[in-house]
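J.: turn this into a structure:
(one chain, ligands or ions: 1)
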Amino acid sequence: MKKVWGLTSIIVGMMVLGACGNSGTKNSESSTEVSASNQLEKIKQEGVLKVGTSADFAPFEFHTMINGKDTIVGADIDMVNALAEEIGIDEVQFVDMEFNAVLAALDQKQVDIAVSGISATEERKKSVDFTMNYFLPEQKVVVHKDNLDTYKTIDDLEGKKVGAQKGSIQESIVTDQLPDSQIVSIPKVPNLVIEIKQGTIDALVLESAVAESYVGQNDDLAIAEVELVTSEDEAYAIALPKGSTELQEALNEGLQKLIDDGKIAEFVQKNTDLANENAAK
Ligand code: ARG
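T.: I've put the predicted structure just below:
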């Protein structure tokens, strides 16, 4: 009897939802818009925003010990927490994974959004939507301090091993801008940093704030003079499933406020300091 009731209420529930869906402006709403408005509502109702991230990318997302507990912190983390509060979502759950898996996790609906210093490239826009940009990085080459005078131009890196994070745009930056170098793709940024320190790779392409953070944490590393081209579509944005119009609008509204109030820059600075302090310990 109970089972029958459960089933009946599901059917009634579906009918009610169906009725709501149709009660809007007739025919003018596309089906994607309807499901998007449901998605924002769904997150709000559940009270949890699931965020995919690769916490290997100080100062945007990284692990640190807080009161003896391993915690994911960073500028992206502060930003998402502020956005959730603004939108009225009670809890944010960060799901840590390799960067290479972040957009796939979004695609497979394992997470609601992906926030991981993700560059909103045209290529990625084919499979996911993005919010407005919130940070424009520059591409930098990191080397061992002892090699700072050896690697000054792109030509100096000819035949050398240059690291890039697997699945990141740095892979194509190495292949396009340093075509005579040998690319070494590694899933996690801290492992790339270890390779440089040990001399198993010669250079590493990282984005400005991240390069500065890891150089700040490791006094045997330095940013080389080598100049790489940075393009507009390398700017960071939040990735969300295609057609999530309502969620996108809510996030954009919140982001605009954070940008106008200088909060993003503040989060980046605060977390750069935090990463440096922890490295010094
Ligand atoms: N901005 C680069 C990209 O989107 C690198 C991002 C890496 N992020 C990370 N959390 N490891 O490809």
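
J.: how about the nearest residue to residue 171, chain neighbours excluded?
T.: Among residues not flanking residue 171 along the chain, residue 164 sits closest, at 4.6 Å (Cβ to Cβ, 6 or more residues apart in numbering). All C-beta atoms are positioned from the backbone trio N, CA, C, and that covers glycine.

J.: helix or strand: which one has the one you found?
T.: Residue 164 belongs to strand 161-165 when assigned by DSSP states H and E.

J.: can you name the next helix or strand after that strand?
T.: Criterion used, DSSP H and E; the element after strand 161-165 is helix 169-177.

J.: angle of that following helix against strand 161-165?
T.: 140 degrees (axes from the mean of the first three to the mean of the last three Cα atoms, to 10 degrees).

J.: show me what helix 169-177 packs onto, helices and strands only.
T.: Helices and strands touching helix 169-177, by 3 or more Cβ pairs under 8 Å, 6 or more residues apart in numbering; DSSP states H and E, are strand 139-144, strand 161-165, strand 182-186, strand 203-207.

J.: who does the third one pair up with?
T.: When you say that, I think you mean strand 182-186. Counting by DSSP bridges, the strands paired with strand 182-186 are strand 161-165 (parallel).

J.: contacts for the strand it pairs with next, please.
T.: Contacts to strand 161-165, defined as Cβ atoms under 8 Å, 6 or more residues apart in numbering, come from residues 99, 141, 170-171, 173-174, 178, 181-189, 192, 195-196, 200-205.

J.: show me which of the residues you listed neighbour the ligand.
T.: Near the ligand, judged by Cβ under 6 Å from any ligand atom, the entries from the contacts of strand 161-165 are 99, 189.

J.: give me the buried entries from the contacts of strand 161-165.
T.: 99, 141, 170-171, 173-174, 178, 181, 183-184, 186-189, 192, 195-196, 201-205 (16 or more other Cβ atoms under 10 Å).

J.: so where's the protein shaky on pLDDT?
T.: 1-37 (pLDDT under 70).
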